[in-house]
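Peer 1: take this sequence and fold it.
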Amino acid sequence: MERPSLEINLPDTHEEGKLYVVDSLNNLNKLNVCPDRPQRVVDEEETTGATGENTAGSNIRNQSLFFVTFILTLIISLALVSFVIFLIIQTRNKMDQLSSRLISEKKTIEELKKMNNMILKHLNQSGIKE
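Peer 2: Numbers count the residues shown, from 1 in each chain. As a prediction, the model looks like this:
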């Protein structure tokens, strides 16, 4: 089967007209190359081709949303890490205070034991018996 040549001399038209003519020729070529293909598929391609700008805008919007979500996640993570570090420092300070109090209490208890031993020795030496 011989196919007719699709060469057409296009007059100088506006850019949109050229794009429309080229798009029409492409659709015609698709119909000639794939005659088994239903018309509905060609119509769907035409409608999806018209929304290409919306897809690009949606893609940019999705990227922006992802970027904003990523930045917010980083900020929240940084805040949580800072809070955990603050809690660790506060706990260490409280533990230091508690251990210093325990050490001073231990010294006080040892001094009281020494004083008790001295009092008992003095009482035993003086001979006071019950």
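Peer 1: where do the helices of this structure begin and end?
Peer 2: 15-33, 39-50, 52-126 (DSSP state H).
Peer 1: may I see the ones you listed organised as TSV, with mean neighbour count and mean pLDDT added?
Peer 2: In short, each C-beta sits where N, CA and C put it, glycine included. Listed next are these as TSV, based on neighbours: other Cβ atoms under 10 Å; pLDDT from 0 to 100:
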stretch	mean neighbour count	mean pLDDT
helix 15-33	12	69
helix 39-50	11	53
helix 52-126	10	92
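Peer 1: mind checking how far Q125 is from L80?
Peer 2: In this view, Q125 and L80 are 67 Å apart by Cβ to Cβ, to the nearest Å.
Peer 1: ok, E111 next?
Peer 2: Counting by Cβ to Cβ, the gap from E111 to L80 is 47 Å.
Peer 1: cool, and K94?
Peer 2: K94 is 21 Å from L80, by Cβ to Cβ.
Peer 1: and for T69?
Peer 2: In terms of Cβ to Cβ, T69 sits 16 Å off from L80.
Peer 1: what's the answer for I119, then?
Peer 2: 58 Å.
Peer 1: L74 now?
Peer 2: For L74 relative to L80 (Cβ to Cβ), the value is 11 Å.
Peer 1: tell me the pLDDT of R3.
Peer 2: Note on R3: pLDDT of 53.
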